[in-house]
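Participant: sequence below, structure please.
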Amino acid sequence: MKINPKSTVKITDPLEMVGFIRTNGTACQFVSMLTVTEPKLKVSCPFKGVTKVSRRNGLLNVNYNTAVRRRISKALGVPLADVEYTNGAVWFAHEIMMLGDEKKNLPLVFHATKNDGKKYLQYFPLRSKQTRYVLPNGEEVSEEQLKPYFYAKSEREEYKPNTCVFKIESIKELRASGVVIQTDETEDAEANLAPA
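Facilitator: Prediction:
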């Protein structure tokens, strides 16, 4: 079934989001997402049950190795062909799509050692358009209030692009290829994102 541009598709099961991502393919593309995630906070944090609601813009299907090599090439002023880089170990593995005889990575990933069936989306963020931290009762908590309870971020070499991996269930809306995929929780997430 061909979907008309700018169609909105309502889904009720995360597997439908997985199906759309698979169908969307391996081309590098700009996407927008509405996510609801649980921030990693120290046990001493008094704001129990806080979630992070964000509207994000970024890219799918970026070749990480090529992106690193391009940055190194630019920094050193050498041709891209002269730069070698081997990806480090990560906890996830990509789903593979065959295009003719060629294997291509999908942005869908799964745990490389656990066989738990969970799917995640690898995403290269460009910016968060809007973010709010919200308690279960809808009350907002500022990032400043949460700051003492965040874990220190590990340093990332400047030549490595920022990447995120989201549980599929955390994605409440995905806009890609002229299609808007919305879950049953999209409206609640939008309401929590709106200023009080």
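
Participant: C-alpha only now, for contacts and for neighbours.
Facilitator: OK.

Participant: starting at the chain centroid, how far to the lengthiest helix in the chain?
Facilitator: For the chain, the helix with the greatest residue count under DSSP state H is helix 64-76. Put simply, helix 64-76 sits 21 Å off its chain's centre (C-alpha atoms, centre = their mean, to the nearest Å).

Participant: so how many other residues sit close to residue 60?
Facilitator: 24 (other C-alpha atoms under 10 Å).

Participant: I misspoke; the intended subject was residue 55.
Facilitator: Counted with other C-alpha under 10 Å, residues neighbouring residue 55 total 21.

Participant: then residue 14?
Facilitator: Residue 14: 16 neighbours (other C-alpha under 10 Å).

Participant: ok, it touching residue 170?
Facilitator: No. Checked against C-alpha atoms under 8 Å, the pair residue 14 and residue 170 is beyond contact range at 9.4 Å.

Participant: what helix or strand is the most centrally placed residue in the chain on?
Facilitator: In the chain, the residue lying closest to the centroid (C-alpha atoms, centre = their mean) is residue 123, at 3.7 Å. Assigned by DSSP states H and E, residue 123 belongs to strand 120-134.

Participant: backbone phi and psi for the closest residue in space to residue 24 that isn't next to it in sequence, please?
Facilitator: Sequence neighbours aside, residue 177 is the residue nearest to residue 24 in space, at 7.5 Å (criterion: C-alpha to C-alpha, 6 or more residues apart in numbering). Main-chain dihedrals, residue 177, degrees, to the nearest 10: phi 50, psi 40.

Participant: how about the helices in the chain?
Facilitator: Using DSSP H, helices in the chain cover 14-24, 64-76, 143-146, 186-193.

Participant: grab the nearest non-local neighbour of residue 72.
Facilitator: residue 159 (6.1 Å).

Participant: in this structure that neighbour contacts residue 71, no?
Facilitator: Yes. Counting by C-alpha under 8 Å, residue 159 does reach residue 71; the two are 5.3 Å apart.

Participant: circling back to that earlier point, check the offset of the strand holding residue 123 from the chain's centre.
Facilitator: Distance, centroid of strand 120-134 to centroid of chain: 7 Å (C-alpha atoms, centre = their mean).

Participant: residue 110 bridge partners, please.
Facilitator: residue 93 (DSSP bridges).

Participant: that one and residue 40, how far apart?
Facilitator: 20 Å (C-alpha to C-alpha, to the nearest Å).

Participant: returning to that earlier point: tabulate the helices of the chain (a markdown table), appending mean pLDDT and distance to residue 88.
Facilitator: Shown next, in a markdown table, are the helices of the chain (pLDDT from 0 to 100; distance: least, C-alpha to C-alpha, whole Å):
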| stretch | mean pLDDT | distance to residue 88 |
| --- | --- | --- |
| helix 14-24 | 93 | 25 |
| helix 64-76 | 94 | 10 |
| helix 143-146 | 95 | 31 |
| helix 186-193 | 92 | 35 |
